[in-house]
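Participant: below are the sequence and a predicted model; questions follow.
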Amino acid sequence: TLQYTFLKTCYNYFLGHVPENIKLETIYKTSKDNTIPSGDDHYAPFIKSLVSVKKLKSHKEAKSPLVIIMCVSARRSVSILKNLSSLKIPILKLFAKHMNYAEQGKLLSKGCGICVGTPGRLLKLLEDEALSLHKTQMIVLDGWADTKGFTVCTLRDTAVDLMKFLETGGGFRIG
């Protein structure tokens, strides 16, 4: 599929190899059911179509949110957070410009259904074991392009951290 080819190319370009613990073969085939239409106002309906709001509200697993949304920047994260506010559930903001790292770790230890952040901060939290993927069901890679045309997967600063995040995840299946 297109996603398989894209991620394999990214891994080879940014890390020089595809880590053994990454199961690229499990990527969903692109369909209208699992692709977010363009525009910020589609995140809440997309998430609701995949995970019930009741499940997101009741999820209290320490350090392991059900859904992680990775964005190219803190500004983009804030834009997505505004759209997700219609879900009326607590959502963690995991990027450097919002709050310090220690505070984010404390909030993660209380559990949450969704977190939105940048690959750099998410990687740091994962490496320091403040974040875990053992109960995470979905990682959403935001496809929004900035004014220069870069996405979370193509901007060198975020792409390297994204690939390391997925590698560090320890066998997490991409899908």
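Facilitator: Noted; the coordinates are in hand.
Participant: where do the strands of the protein begin and end?
Facilitator: 67-70, 91-94, 114-117, 138-141 (DSSP state E).
Participant: so what strands line up beside the third one?
Facilitator: Based on DSSP bridges, the pairing partners of strand 114-117 within the sheet are strand 67-70 (parallel), strand 91-94 (parallel).
Participant: to residue 105, which of the strands of the chain lies closest?
Facilitator: strand 91-94 (9.8 Å; Cβ to Cβ). (Each C-beta comes from the backbone N, C-alpha and C, glycine too.)
Participant: what sits against residue 115?
Facilitator: 65, 67-69, 91-94, 108, 122 (Cβ atoms under 8 Å, 6 or more residues apart in numbering).
Participant: quick one: which of those residues is most hemmed in?
Facilitator: In terms of neighbours by other Cβ atoms under 10 Å, the contacts of residue 115 top out with residue 94 at 31 neighbours.
Participant: how close does the closest residue to that residue other than its chain neighbours sit to residue 17?
Facilitator: Spatial nearest neighbour of residue 94, chain neighbours left out: residue 117 (3.0 Å); criterion: Cβ to Cβ, 6 or more residues apart in numbering. Remark: distance between residue 117 and residue 17 (Cβ to Cβ, to the nearest Å) = 26 Å.
Participant: picking that back up, count of residues packed around the residue nearest to residue 94?
Facilitator: Quick note: residue 117 (other Cβ under 10 Å) scores 23 neighbours.
Participant: name whatever forms a beta bridge with it.
Facilitator: residue 70, residue 94.
Participant: pretty sure it is touching residue 80, no?
Facilitator: No - here residue 117 lies out of contact with residue 80, judged by Cβ atoms under 8 Å, at a distance of 10.0 Å.
Participant: circling back: and the residue nearest to residue 94, what does it touch?
Facilitator: 68-71, 77, 92-95.
Participant: next one: it from residue 85, what distance?
Facilitator: 16 Å.
Participant: cool, and residue 126?
Facilitator: Taking Cβ to Cβ, one finds residue 126 at 26 Å from residue 85.
Participant: show me where the protein has its helices.
Facilitator: For the chain, the helices defined by DSSP state H occupy 2-14, 43-50, 53-58, 74-84, 101-110, 119-127, 156-168.
Participant: noted, bye for now.
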